[in-house]
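generate coordinates for the sequence data below:
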Amino acid sequence: MAEMHPPNPRLRGREQCVRILILANIVPARLGGYEEFIARLAETCRSAGDECIIAAAGAPAGRAADRWQSAGVRWEVLPGWTDANGVERPWRFVAPAVRLVSRHAPDIVAVRFGNELPVCAAALLCGRLKKKPIWVWEQDQQIRKAGFAARLFSRARLAGAVCDHMIAVSGRVRTGLVERGIPQSRISVIHNGVSDWPARADPGLLRREIGAGSADLVVGMVSSLIPRKRVDVAIRGFAAAGLARAVLVVIGGGPLEAKLRAEAESTGVAERVRFMGPRSDARDLLGGLDVFVHTSSAEGCAYAISEAMCAGLPVVATDAGASAEQILDGVTGFVAPVGDAGRTAERLRILAENPDLRRSMGAAARARWREMFRVERMVGLYIETCRSFFGLLNGRTRRISANPD
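Presented below is the predicted three-dimensional model:
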């Protein structure tokens, strides 16, 4: 359960409806885990008589737009937050954000934005408004262990002083915030959750596409090809595992693709690594995998890991962000040290040699997703946290958090 912030005295006595304005630096061009969360949140708020508005850095498109429209999401675009090339301009956030808050008069402003100083500026300016909202900072990225200077002067500490409450996507993130002087009582932990995904494609689709036989082990990952995702560790670990009949599938695109192809060539596995590029059907393809691998050096609470767990896959991941909270080491998968291709290789070999272990771990992973990482649970805890500011937590919100599939 989320740890609740004490009821705010400014809000006592109000009606039980809540208006939430979410400011998120996303350009929802694909239907990912966060976009689905927004759709579910909007649906749940509407059914409960509450209201949710999202202001994003860009307009939704494709499947994300279709899903938001069907869910009745109210959205706006913050002009100038990103340029024509998608490059973020943090200080362009402030004035449009203040105007939005003034126009919508929300009870709660939740900010999912990795730049603390512009958020603090917007919150302080909104302090002049007649109706002052509660400000909630969502820390969705891993933060480093705080040294002496960070404990005293970090930007997160400043955000904690200006904002009324913080939401951390993992216990590790909460620890990092507490180290920076933010009281634990003002931090809720709400893990990212994903929706169930019924089989929408032939499980053999991926194997036919990559030319893998029924006896081949198919190891896969879904990842942007950027530095912090450390896809090179997965490639080197796959090569070091020495699996004679195995294929590594890399779903995703990014600026490091040429470098990663060269890595596969230099480690002698180029013919057994398939770069699939970005795929809108990535979750459908999970049905063709035997093992999922995730080797980031920094994360918040990775949607990709939860999606693999939902698909009933054992996961080999590095100990970044919430991975050690998502994965029960030795039960639902394995957790290896960050950057350790050797330990990753060892875990891959164990799973390659034990099909029964793969099946039992996959079933346990699915059960853990169901218990802890469903989007329904994420939405329920989010609403409970927001409503707790009113001192109006009741049976209705408790039922939302416990809603079965």
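
which neighbouring elements make contact with the longest helix anywhere in the chain?
In the chain, assigned by DSSP state H, the helix with the most residues is helix 355-372. With contacts taken as 3 or more C-beta pairs under 8 Å, 6 or more residues apart in numbering; DSSP states H and E, helix 355-372 sits against helix 303-310, helix 341-353. Where C-beta positions appear, they are placed from N, C-alpha and C, glycine not excepted.

could you identify the helix or strand that succeeds it?
Tracing the chain past helix 355-372, the next element assigned as helix or strand by DSSP states H and E is helix 375-388.

distance between that next one and the chain's centre?
Relative to the centre of its chain, helix 375-388 is centred 15 Å away, using C-alpha atoms, centre = their mean, to the nearest Å.

over to stretch 86-96?
Offset of stretch 86-96 from its chain centre (C-alpha atoms, centre = their mean): 22 Å.

need the three-state assignment for the closest residue to residue 210 other than its chain neighbours.
Of all residues not flanking residue 210 in the chain, residue 274 sits nearest, at 4.8 Å (C-beta to C-beta, 6 or more residues apart in numbering). Classification of residue 274 using DSSP: H, G, I helix; E, B strand; the rest coil returns strand.

who does residue 274 bridge with?
residue 249 (DSSP bridges).

how about it, what does it touch?
Contacts for residue 274 (C-beta atoms under 8 Å, 6 or more residues apart in numbering) come out as 210, 247-250.

name the nearest of those relative to residue 258.
Minimum distance to residue 258 across these is 13.0 Å, recorded for residue 250 (C-beta to C-beta).

spatially nearest residue to the closest one, not counting backbone neighbours?
residue 275 (5.1 Å).

quick one: which of the helices and strands packed on helix 355-372 is nearest residue 214?
helix 341-353 (14.9 Å).

so which residues of the stretch 201-350 of the chain form helices?
Under the criterion DSSP state H, counting those that start in this stretch, the stretch 201-350 of the chain contains helices at 205-210, 231-241, 257-266, 282-285, 303-310, 323-326, 341-353.

so what's the model's average confidence on the second one?
The average pLDDT for helix 231-241 rounds to 98.

quick one: that helix to helix 341-353, angle?
60 degrees (axes from the mean of the first three to the mean of the last three C-alpha atoms, to 10 degrees).

likewise the third one?
With the same axes, to 10 degrees as the basis, helix 257-266 and helix 341-353 are set at 70 degrees to each other.

how about the fifth one?
Here the directions of helix 303-310 and helix 341-353 differ by 20 degrees (the same axes, to 10 degrees).

packing partners of helix 303-310?
helix 33-48, strand 217-222, strand 291-294, strand 315-318, helix 323-326, helix 355-372.

can you say which of those is nearest to residue 100?
Of the helices and strands packed on helix 303-310, nearest to residue 100 by C-beta to C-beta is helix 33-48, at 16.0 Å.

and that closest one, which residues are buried?
Burial within helix 33-48, assessed by neighbour count using 16 or more other C-beta atoms under 10 Å, is assigned to 33-45, 48.

now tabulate the residues you listed in CSV and tack on distance to residue 237.
Putting the buried residues of helix 33-48 into CSV (distance: C-beta to C-beta, whole Å) gives the following:
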residue, distance to residue 237
33, 25
34, 28
35, 31
36, 30
37, 31
38, 35
39, 36
40, 35
41, 37
42, 40
43, 40
44, 40
45, 43
48, 46
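
can I get stretch 322-332 in PDB? Just the C-alpha atoms.
Output of stretch 322-332 as PDB, limited to C-alpha atoms (Å, rounded to 0.1, in the frame of the first residue of the first chain):
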ATOM      1  CA  ALA A 322      13.300  -1.300  -9.200                       C
ATOM      2  CA  SER A 323      14.500  -4.500 -10.900                       C
ATOM      3  CA  ALA A 324      15.300  -6.200  -7.600                       C
ATOM      4  CA  GLU A 325      11.800  -5.300  -6.400                       C
ATOM      5  CA  GLN A 326      10.100  -6.500  -9.600                       C
ATOM      6  CA  ILE A 327      12.200  -9.700  -9.800                       C
ATOM      7  CA  LEU A 328      12.500 -12.200  -6.900                       C
ATOM      8  CA  ASP A 329      16.000 -13.400  -7.500                       C
ATOM      9  CA  GLY A 330      16.100 -17.100  -8.000                       C
ATOM     10  CA  VAL A 331      12.300 -17.400  -8.000                       C
ATOM     11  CA  THR A 332      10.900 -15.300 -10.900                       C
END
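
most neighbours among the contacts of residue 274, please name it.
residue 248 (27 neighbours; other C-beta atoms under 10 Å).

quick check: that residue touching residue 236?
No - under the criterion of C-beta atoms under 8 Å, residue 248 makes no contact with residue 236, lying 10.7 Å away.

since that was my last question, I'll sign off now.
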